[in-house]
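S.K.: For reference, the sequence and a predicted model appear below.
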Amino acid sequence: MAITNRLVYDSTDANTKAASSTVGAYLLDGAGNAVTSTDGALNVNADEIATLSHDHYEIHLGNHFSYNVTTLVDDGEYYGLYFSVGSGEAVPHIVWGISADAIVQVALYESPTITTGAAVVTRNNNRNYSDTLQNVTIGLVTTITAPGTELYKELILATNQTPGTTSRDNEFVLKPSTTYLLRVQSNTDGTVISFRVSGYESTDGVP
């Protein structure tokens, strides 16, 4: 159930919002239904209502994952991850952060033609839940025959004295039964790349 930070007033006079037994402050779930404190989703203390951002809420649900690696990439080579999304209900949402000590290009592609390598080990950010992903496999890319449809591209400007960094805060929501390629390509030998991918698999029915 997705909790959004919206207030709804159950009152015959919505303009006054006067304190009475007919007035209540609610949050809405992903279906638009009002959620009260009896649902266990609210923490009401006097006049204060505590809420969580949606991605933070997914951590508590046990749906949030992350993967981190630091590696060397030579001139003309790349570090690539594939995301193979299944046909199940859980919808992957991903963001990333990348830093490098030389110029690199970061790009995301949809429906690439690739040769896949070993799956990587992701970790659940809520350690009370399993590390096993529900509806997406993430792994290494060994060969890129055709990158596919370009969704995002960015150049990180950096030197070994002044490393560069980028982060994608606006998540990409991945389609079912589709493969994606996230590639970091270098033009300098021995480029040190730190690569972080995180996200969650939403099961609230809202892609």
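M.R.: That came through fine.

S.K.: Is residue 59 in a helix, a strand, or coil?
M.R.: For residue 59, the assignment made with DSSP: H, G, I helix; E, B strand; the rest coil gives helix.

S.K.: Repeat that for residue 56.
M.R.: helix.

S.K.: Tell me how many other residues surround it.
M.R.: 13 (other C-beta atoms under 10 Å). The way it works is simple: take the backbone N, C-alpha and C, and place the C-beta from them, glycine included.

S.K.: Numbering from 484 from now on, please.
M.R.: Taking 484 as the first residue, the last one we looked at is residue 539.

S.K.: Would you mind giving me the confidence score for it?
M.R.: Here the pLDDT value assigned to residue 539 is 88.

S.K.: for the one 4 residues further on, same thing?
M.R.: What the model reports as pLDDT for residue 543 is 89.

S.K.: List the contacts of it.
M.R.: Contact analysis of residue 543 by C-beta atoms under 8 Å, 6 or more residues apart in numbering lists 535, 609.

S.K.: what about it, distance to residue 591?
M.R.: In this view, residue 543 and residue 591 are 28 Å apart by C-beta to C-beta, to the nearest Å.

S.K.: residues touching the nearest residue to residue 685 once chain neighbours are set aside, list them.
M.R.: Nearest residue to residue 685 in three dimensions, chain neighbours excluded: residue 574, at 4.8 Å (C-beta to C-beta, 6 or more residues apart in numbering). Contacts for residue 574 were tallied using C-beta under 8 Å, 6+ apart; they are 618, 656, 657, 659, 684, 685, 686, 690.
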